[in-house]
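Colleague: Return atomic coordinates for the entry below.
(one chain, ligands or ions: 2)
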Amino acid sequence: MSFDRSLKIAPSILAADFANFGAEIQAVEAQGADWIHVDVMDGHFVPNITFGPATCAAIRPHIRTVMDVHLMIAPVDPYIDAFAAAGADFITAHVEAGPHIHRTLQAIRGAGCKAGVALNPGTLAEAVAPLLDMVDMVCVMTVNPGFGGQKFIHACVDKVRTLRSLIGDREIHIEIDGGVDPATAPLVRDAGADVLVAGSAVFRGGSVSDPSPYGANIRAIRAAVTA
Ligand code: DX5
Ligand code: ZN
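Modeller: Ligands and ions are numbered 1, 2, ... in the order given. Predicted coordinates for the structure are as follows:
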C-alpha cells in the first residue's frame with residue numbers, strides 16, 4: 001500500500017445492515033468506496049456495543065480494498081493480536097483509551113498492521129505530537145464516539161489544521177470520523193484530511209438490493225470536496 005494524500009471515502013459499516021455485512025461491503029465497494037471502516041465498540045469505552053474480532057474475521061474475505069478497524073474499546077492491548085489475525089490493515093486505538101498508548105501503538109505495528117491513533121473531540125491535537133513517528137494515521141473524531149448519525153462538531157476543524165502542520169512531511173493519513181456529508185467534507189479536506197469516514201451519509205437511501213444510492217452518495221461527497 002503506497003502512501004498518498006488523495007481523497008479516500010471510507011464508508012462505516014455501522015450504518016449498514018448488520019445481518020448482511022458481506023453483501024453490504026461488496027455493494028459499497030462496487031459503488032466506489034475506497035476503504036471499509038469497521039467500528040468496534042465495547043460498551044465500556046463508549047456507551048454502545050457492536051462486535052469483535054470474530055465478526056472482523058468473517059467480513060475480511062468480502063473486503064477487496066482496505067480494512068480500517070477503529071477500536072473504541074478499553075483496554076486495547078489484550079485484543080490487538082486477535083484483530084491483526086482477523087486481517088485488519090489499519091488498527092486505530094484511542095489516545096484516551098489508557099495510560100500506555102505508546103506501548104499500544106508499538107504492539108499494533110509489531111502485529112504487522114498499520115497503526116492509527118484517534119482523538120476524541122475533547123482532546124487537543126498536541127496529545128499525539130509525541131507519537132507522530134510511530135503512527136500511519138491520526139483519526140480526528142468530529143462527533144463523540146459511540147453512535148452513527150450525530151451532528152458534526154465544527155470546533156474540531158481547527159484541530160485538523162493544527163494536526164496537519166504538526167505532521168509536516170511525515171507519511172501520515174488524517175482521517176475524519178463523524179458527521180461527514182457533502183456540507184462538512186470540504187471543511188475538513190481544506191484543513192488537511194485525506195480519509196473521510198461516512199456512515200449515514202453513504203448508506204442512506206440504499207440497500208443491497210438497490211445499491212445505486214450508495215454510489216450517488218459517495219459521488220456527492222467527492223463532488224463537494226473537489227468543487
Ligand atoms: C462513531 C463511529 C463512526 C460512525 C460515523 O462512533 O466511529 O465511524 O459510524 O457515522 P456517521 O457518518 O453517521 O456520523
Ligand atoms: Zn469510526
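
Colleague: going forward, measure contacts between C-alpha atoms and count neighbours the same way
Modeller: Fine.

Colleague: So residue 216 belongs to a helix, correct?
Modeller: Yes. Counting by DSSP: H, G, I helix; E, B strand; the rest coil, residue 216 falls inside a helix.

Colleague: and it, how far is that from residue 182?
Modeller: 11 Å (C-alpha to C-alpha, to the nearest Å).

Colleague: Repeat that for residue 127.
Modeller: Residue 127 is 29 Å from residue 182, by C-alpha to C-alpha.

Colleague: just residue 136 next, same as before
Modeller: Distance from residue 136 to residue 182, by C-alpha to C-alpha: 26 Å.

Colleague: the more surrounded of these two?
Modeller: residue 136 (22 against 18; other C-alpha atoms under 10 Å).

Colleague: pretty sure that one contacts residue 118?
Modeller: No. If you go by C-alpha atoms under 8 Å, residue 136 and residue 118 don't touch, sitting 11.4 Å apart.

Colleague: List, one by one, the residues from this protein near ligand 1.
Modeller: Within the chain, the positions lying close to ligand 1 (C-alpha under 6 Å from any ligand atom) are 12, 14, 39, 145-150, 177-180, 198-201.

Colleague: Recalculate using a threshold of 8 Å.
Modeller: 11-15, 37-39, 70, 72, 141, 143-152, 177-181, 197-202 (C-alpha under 8 Å from any ligand atom).

Colleague: Return the subset of the residues you listed lying in strands.
Modeller: 11, 37, 38, 39, 70, 72, 141, 177, 197, 198 (DSSP state E).

Colleague: The second one reaches residue 65, doesn't it?
Modeller: In this case it means residue 37. No. With contact defined as C-alpha under 8 Å, residue 37 does not count as touching residue 65 (10.5 Å).

Colleague: Compare those two (neighbour count), which wins?
Modeller: Neighbours were counted for residue 37 and for residue 65 using other C-alpha under 10 Å; residue 37 has more, 24 against 14.

Colleague: The more buried one and residue 15: what is the separation?
Modeller: Following C-alpha to C-alpha, the distance that separates residue 37 from residue 15 is 10 Å.

Colleague: which residues in this protein form strands?
Modeller: Counting by DSSP E, the strands of the chain are 8-11, 36-41, 67-72, 90-94, 114-119, 137-141, 173-177, 195-198.

Colleague: Could you export the ones you listed as TSV, including mean pLDDT?
Modeller: Formatted as TSV, those follow (pLDDT from 0 to 100):
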stretch	mean pLDDT
strand 8-11	98
strand 36-41	99
strand 67-72	99
strand 90-94	99
strand 114-119	99
strand 137-141	99
strand 173-177	99
strand 195-198	98
